[in-house]
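# Show me the folded form of this:
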Amino acid sequence: MNQDISYLQRLNRPEGPVDVVLDTDTYNEIDDQYALAYLIKSEEKLHLKAVYAAPFHNEKSSGPEDGMEKSYQEIHHILDLMEKQELKEHVYRGSAQYLPDEETPVASDAAAHLAALALGYTPEKPLYVIAIGAITNVASALLMKPEIKDRIVLIWLGGNAHEWPDNKEFNLFQDVAAARVVFGCGAALVQLPCMGVVSSFTTGPGELETFLRGKNKLCDYLTDYTEKEGAAGSKNSCWTRVIWDVTAVAWLLDGDFMCDRLVPSPIPQYDHHYSFDPGRHFIRYVYHINRDNLFEDLFRKLAQ
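So this is what the prediction gives:
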């Protein structure tokens, strides 16, 4: 088991401002837009260096490349709503396909930029990589430049709770090979599991109308989009919507937003389950979200 002090220190929440990049499948769901805006609104702690468009494939895209391109355009849309056009030069297109295997990277502007950027950091002062989609871009960068594993800390919303009966979670199952790369390479990793943990981070129309409606263009866009998706995705008139991706940004912020612990790194399998080896290196595992505390901070910042 990895007991290197420098490695374990990288698994602690950092004090003071840090440099971050965001890897996001922004067009896939509404939660990525919240996460991107929340990150930008937390600039006192998080210094955004780049945004990478991640691939995805579902009913909103014709394939991973189309999903990535739509995400790239949606990132620009959010920046327009926030009047943050100066950040557009730091947005990069990501992978057009998933990893073909666990040893071959997928070339993209995002992966190349991340690999080069991370080389400028150190184990004592790492680059923080917030990932909220399929992990292809990050895994590709690690395969291109394996030495960056000691220069980054990866905070990934991916996989389900370790006790959940299956691991067929959207961000992970799209590219299991990439997930196996990041869980196995020895990079410092913070996992925010979806079902069984972050699935509790939900909001509904009453809160959206109270705390976001009418505050600014961004808030109206988020409210309209969330209410549309929430109503369409539920058979009930009383619905809530999970805003998953915000939690990955929040792990880096000061505040009583979640509980976590060190656990041996799990092994994602191609049959959509985990295997476990107690001798594996540690990761930090989030097991509870303090939902009200985090939504209060999120809504306050978005409404500014």
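
# contacting residues for the residue nearest the centre of the chain?
By Cα atoms, centre = their mean, the chain has its centre lying nearest to Ile132, at 2.3 Å. Contacts for Ile132 (Cβ atoms under 8 Å, 6 or more residues apart in numbering) come out as 22-25, 31-32, 35, 54, 156-157, 171, 244-245, 248. Glycine gets a C-beta too; all of them are placed from N, C-alpha and C.

# mind listing what Gly184 touches?
Contacts of Gly184 by Cβ under 8 Å, 6+ apart are 265, 267.

# Could you check the pLDDT of it?
Gly184 carries a pLDDT score of 98 in this model.

# same check, this time on Lys235
Value listed for Lys235 in the pLDDT field: 88.

# Where does it sit: helix, strand or coil?
Look at Lys235: counting by DSSP: H, G, I helix; E, B strand; the rest coil, its state is coil.

# how many neighbours does it have?
Per other Cβ atoms under 10 Å, the neighbour tally for Lys235 reads 5.

# For the spatially closest residue to Leu127 that is not a sequence neighbour, give its distance to Arg93.
In space, and not counting its chain neighbours, Leu127 is closest to Tyr121: 4.4 Å by Cβ to Cβ, 6 or more residues apart in numbering. Tyr121 is 23 Å from Arg93, where distance means Cβ to Cβ, to the nearest Å.

# buried set for the one helix or strand Leu48 maps to?
Following DSSP states H and E, one finds Leu48 within strand 46-53. For strand 46-53, the neighbour count (16 or more other Cβ atoms under 10 Å) marks 46, 48-53 as buried.

# cool, and stretch 226-237?
226-227, 230.

# next structured bit after the helix ranked longest in the chain?
In the chain, with assignment by DSSP state H, the single longest helix is helix 64-81. Downstream of helix 64-81, the first helix or strand assigned by DSSP H and E is strand 91-92.

# Could you spell out the sheet neighbours of that next one, each with its direction?
strand 46-53 (parallel) (DSSP bridges).

# from the chain's centre, how far out does the strand it pairs with sit?
Taking Cα atoms, centre = their mean, to the nearest Å, one finds the center of strand 46-53 at 12 Å from the center of the full chain.

# Also stretch 127-139?
Distance, centroid of stretch 127-139 to centroid of chain: 7 Å (Cα atoms, centre = their mean).

# gap between the two ends of that stretch?
In terms of Cα to Cα, to the nearest Å, the two terminal residues of stretch 127-139 are separated by 15 Å.

# Likewise for stretch 179-189?
Start-to-end, stretch 179-189 (Cα to Cα) is 11 Å.

# Stretch 60-67 too?
First-to-last residue span, stretch 60-67, Cα to Cα: 7 Å.

# Just the buried positions in that stretch, please.
61, 64-67.

# Of these, which pair is most distant in space?
Ser61 and Glu65 (8.4 Å; Cβ to Cβ).

# what's the neighbour count on Lys41?
Applying other Cβ under 10 Å, I find that Lys41 has 19 neighbouring residues.

# Quick check: it touching Arg300?
No: when contacts are counted by Cβ atoms under 8 Å, Lys41 is not listed as touching Arg300 (9.1 Å).

# residues contacting the closest residue to Arg151 other than its chain neighbours?
In this structure, Arg151 finds its nearest non-sequential neighbour in Tyr121, 4.3 Å apart by Cβ to Cβ, 6+ apart. With contact set as Cβ under 8 Å, 6+ apart, Tyr121 has these partners: 19, 127, 151-152.
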